[in-house]
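**Student:** Generate coordinates for the sequence data below:
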Amino acid sequence: QVQLVESGGGLVQAGGSLRLSCSASGRASGLLAMGWFRQAPGKEREFVAAVNWSGSSTRYSDSVKGRFTITKDNAKTTATLQMNSLKAEDTAVYLCAAGRDPFGQTVNSGSIGSWGQGTQVTVSS
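**Tutor:** Residues are numbered from 1 along each chain as shown. Below is the predicted model:
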């Protein structure tokens, strides 16, 4: 069993920055690929970013590429999403996910085994 605990999020003005963190604990927590999805009201959950287990490879959705950066800490158990140049359309609940490489970019991907509770990000325009 893997547990994911998210932190960060909040309210920020457009153009500002926020940082989200997701800490994994439990079985093989240092060997997990990790990523972030987001879900806005009335919309489907969508992929945002992912990092492989070692932190050496990352992927981003087109909508956040160049603005968001995902990294892993040295222990490989915490993934951080640095979000810069935030836009109103980035407003959503952000959910951390973890699983095996290659990390899936769809909600029902068989590679994703665990989800966090989610944290709210609100960007005011």
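**Student:** Grab the most central residue of this protein for me.
**Tutor:** Central residue of the chain (Cα atoms, centre = their mean): Trp36, 2.1 Å from the mean position.
**Student:** wait, that one sits on Glu46?
**Tutor:** No - between Trp36 and Glu46 there is no contact under Cβ atoms under 8 Å: 10.1 Å. The C-beta positions use only the backbone N, C-alpha and C, and glycine is treated the same way.
**Student:** ok, now which ones touch the nearest residue to Asn84 once chain neighbours are set aside?
**Tutor:** Leaving aside its sequence neighbours, Asn84 sits nearest to Ser17 (Cβ to Cβ, 6 or more residues apart in numbering; 4.7 Å). Contacts for Ser17 (Cβ atoms under 8 Å, 6 or more residues apart in numbering) come out as Gln82, Met83, Asn84, Ser85, Leu86.
**Student:** what's the closest non-adjacent residue to the residue nearest to the centre of the chain?
**Tutor:** Closest to Trp36 by Cβ to Cβ, 6+ apart is Val48, at 4.3 Å.
**Student:** ditto for Arg59
**Tutor:** Nearest one to Arg59, counting by Cβ to Cβ, 6+ apart, is Ala50 at 5.0 Å.
**Student:** State the helix or strand in which that neighbour lies.
**Tutor:** Using DSSP states H and E, the element containing Ala50 is strand 46-51.
**Student:** List the buried residues of that strand.
**Tutor:** Across strand 46-51, burial judged by 16 or more other Cβ atoms under 10 Å covers Phe47, Val48, Ala49, Ala50, Val51.
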